[in-house]
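In: Here's my sequence, what's the structure:
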Amino acid sequence: MGLILEELAGGGSVGVAQIAAKLGVSTASIRRDLQLLEKQHLLSRTHGGAVANSTAYELPLRYRSGRHREEKRRIAAAAAARVGDDVASVGLTGGTTTTEVARRLADRQGLTVVTNALNIAAELAVRPDIKLIVTGGAARSESYELVGPLAETTLEGINLDLAIVGVDGITRAGGLTTHHDIEAHTNRVLISRARRVIVVADGSKVGRLAFSRICDVASIDELITDAAAPAPELRRLADAGVVITSV
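Out: Sure, this is the predicted structure:
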């Protein structure tokens, strides 16, 4: 539903067919989303779509699709496809690409989603077939993420089948990195609670080293990225045992 609100914020109106095509879901699903958003007074439905209400919907800069928008959607679709019948619980960190993953999981039945991202939680909270668990923690206004000891205490008490993680950088030598030190520690705890870990990162993040180390690449199983990722770094990651998927 976040995509619907983003489109409304940018253009003032959306069409059901347009949004359904972008997300690869049925028009019936989009109409249900519009109905829920109208109940929350975030839009007004029209014939074939919706128009924005006066209430502004503004995500932090980090969560606006912006650059690499289509690549992130392809990456998210590939990651969501990994959530098969054998996956009962998924952990999602914050980030633009993980937000796209959440949107593709919204119609799954019987799935438990654990997240420390407030915007992901807001989108999934209205989904009756999703069991949603949100960590506690201190909210970062820059990213809508809950971090710190309270978040980590929640995560330490659970076990996850799969964690899907967004990063600001990934290299073989430097591992997974992000810009904020407390966020890095919280993400590290989430990763430690998962049987399988997938990193979702557009090509601009591959080969980049951000300020705070989350973990080394030995802690992850797969990287899903796009064709813009530098081939030499991908080879180094593959040599370290990471499965590389380029979409």
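
In: how close does Thr135 sit to Gln35?
Out: Distance from Thr135 to Gln35, counting by CB to CB, to the nearest Å: 29 Å. All C-beta atoms are positioned from the backbone trio N, CA, C, and that covers glycine.

In: quick one: which of these two has more around it?
Out: Thr135 (24 against 11; other CB atoms under 10 Å).

In: And the pLDDT at the more buried one?
Out: Note on Thr135: pLDDT of 97.

In: Roughly how far does it sit from Ile164?
Out: For Thr135, the distance to Ile164 - CB to CB - is 15 Å.

In: next one: phi and psi at the residue nearest the centre of the chain?
Out: In the chain, the centroid-proximal residue (CA atoms, centre = their mean) is Thr98; its distance is 1.2 Å. Thr98 adopts backbone torsions of phi -70, psi -30, taken as degrees, to the nearest 10.

In: Can you give me the distance of the residue nearest to Ile220 when sequence neighbours are not counted to Asp129?
Out: Residue nearest to Ile220 in three dimensions, not counting chain neighbours: Val197, with 4.4 Å by CB to CB, 6 or more residues apart in numbering. For Val197, the distance to Asp129 equals 25 Å [CB to CB].

In: the helices in the protein, which residues?
Out: Assigned helices in the chain, in chain order: 2-11, 16-23, 27-39, 69-81, 96-105, 118-124, 149-156, 181-192, 231-239 (criterion: DSSP state H).

In: I'd like the mean pLDDT over the second one, please.
Out: Okay, so that is helix 16-23. Helix 16-23 comes out at a mean pLDDT of 88.

In: Check the first one too.
Out: When the per-residue pLDDT values of helix 2-11 are averaged, the result is 75.

In: same thing with the fourth one?
Out: Helix 69-81 carries an average pLDDT of 95.
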